[in-house]
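Undergrad: My questions concern the predicted model and sequence given below.
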Amino acid sequence: TWLFLLLSLVLFAQPSIAAQTCDSNDDNSNTMPPKLKYSQDGPEAKEIAQYLPYFPFKGIPRFYDIGGFLYEPAVFQKIVDIFAERYSELQIDVIAGLDARGFVLGPPIALALKKPFVMMRKAGKMPNTITSEDYKTEYGSRSGLTVQKDKIMEGHRVLIIDDLVATGGTLSSAISLVKMLKGTVVECACVVELKMFIDPPADSGLPSRTKLFKDLGHSDVPVWGLISEDVLTNEAKLPDGYVDDGEEH
């Protein structure tokens with residue numbers, strides 16, 4: 001989906017929660033980059049966050065516009081460099097990007113690492129595919145993603161790229177595809193990770209990514225985001241007459 005941030009009135013009440021990431025998940029120490037130069041919400045992330053303005057869009061108070069940093073070549077290049085550095089010392093066979101923003105971010109990272117790039121698309125867009133089960137996102141239920149059968153082989157180590165992770169529904173669908181083809185997901189990497197969905201209190205009304213991954217058998221897969229909602233504070237200046245004309249509410 002288009003890069004966005006789902007915030008509700010309960011956001012301010014959410015406690016700080018440790019993310020399920022390579023930085024904090026000891027169970028995945030065998031896949032962790034040996035020396036992490038860049039950390040979530042570090043100096044570079046805070047600088048990049050200034051190019052991710054939020055708008056009231058699709059009925060969401062804070063909808064983050066990926067076009068902000070895509071319009072700045074130096075900032076876009078910095079993001080590619082950060083991801084390439086993080087994964088340069090890991091054994092990765094394939095990089096998979098999710099429909100559709102992962103198609104923007106994944107190819108330059110794959111080129112930097114000299115690895116094949118694979119598209120995970122909505123059903124009916126590519127020949128010779130397998131399809132994962134339907135999944136849920138912040139917007140509701142979605143049909144499963146697809147990937148071409150001959151692009152991920154048994155034993156392949158796969159890095160999954162997307163723009164943002166919130167509830168983890170889309171990522172879980174992608175992870176399922178890799179496992180269906182007997183590959184291994186090294187990590188799911190996103191520009192933005194919404195920590196409020198990692199493991200919210202039961203009475204918050206928010207879906208839990210941790211519970212979803214556990215229910216689907218994906219607890220072994222680490223997730224990392226460069227920027228969290230903690231530093232995404234750049235409110236867009238709306239022009240006169242601005243209208244929320246998003247297609248989906």
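TA: Right, received. Where do you want to start?
Undergrad: Can you mark which positions in stretch 87-105 are buried?
TA: Going by neighbour count (16 or more other Cβ atoms under 10 Å), the buried part of stretch 87-105 is 87, 90, 92-99, 101-105. C-beta: built from backbone N, CA, C; applies to glycine.
Undergrad: In strands, which of the residues you listed appear?
TA: Among these, DSSP state E puts Val94, Ile95, Ala96, Gly97, Leu98 in strands.
Undergrad: List the beta-bridge partners for the last one.
TA: What that stands for is Leu98. Per DSSP bridges, residues listed as beta-bridge partners of Leu98: Met120.
Undergrad: show me what contacts it?
TA: With contact taken as Cβ atoms under 8 Å, 6 or more residues apart in numbering, Leu98 is in contact with Met120, Leu145, Ile160, Ile161, Asp162, Thr170, Leu171, Ala174.
Undergrad: Correct me if wrong: Lys46 contacts Val231.
TA: Yes - the pair formed by Lys46 and Val231 meets the contact definition of Cβ atoms under 8 Å, at 5.1 Å.
Undergrad: Would you mind telling me which of those two has the busier surroundings?
TA: Neighbours were counted for Lys46 and for Val231 using other Cβ atoms under 10 Å; Val231 has more, 17 against 14.
Undergrad: Glu47 is in what secondary structure piece?
TA: Assigning secondary structure by DSSP states H and E places Glu47 in helix 43-49.
Undergrad: other SSEs contacting the longest helix that the chain contains?
TA: Of all segments of type helix in the chain, defined using DSSP state H, the longest is helix 73-87. Helices and strands in packing contact with helix 73-87 are listed as helix 43-49, helix 67-70, helix 102-113, strand 184-193, strand 223-228; criterion 3 or more Cβ pairs under 8 Å, 6 or more residues apart in numbering; DSSP states H and E.
Undergrad: how about stretch 68-87: buried residues?
TA: Applying 16+ other Cβ under 10 Å to stretch 68-87 flags 68-70, 75-76, 78-80, 82-87 as buried.
Undergrad: ok, now stretch 179-196?
TA: Going through stretch 179-196 with 16+ other Cβ under 10 Å, the ones that come out buried are 179, 181, 183-196.
Undergrad: Would you agree Asp162 is in contact with Cys188?
TA: Yes - if you go by Cβ under 8 Å, Asp162 and Cys188 touch, sitting 7.2 Å apart.
Undergrad: any residues in contact with both of the two?
TA: Both Asp162 and Cys188 are in contact with Leu171, Ala174, where contact means Cβ under 8 Å, 6+ apart.
Undergrad: if we can go back for a sec, what's the mean pLDDT across the longest helix of the chain?
TA: Confidence over helix 73-87 (mean pLDDT, whole number) is 98.
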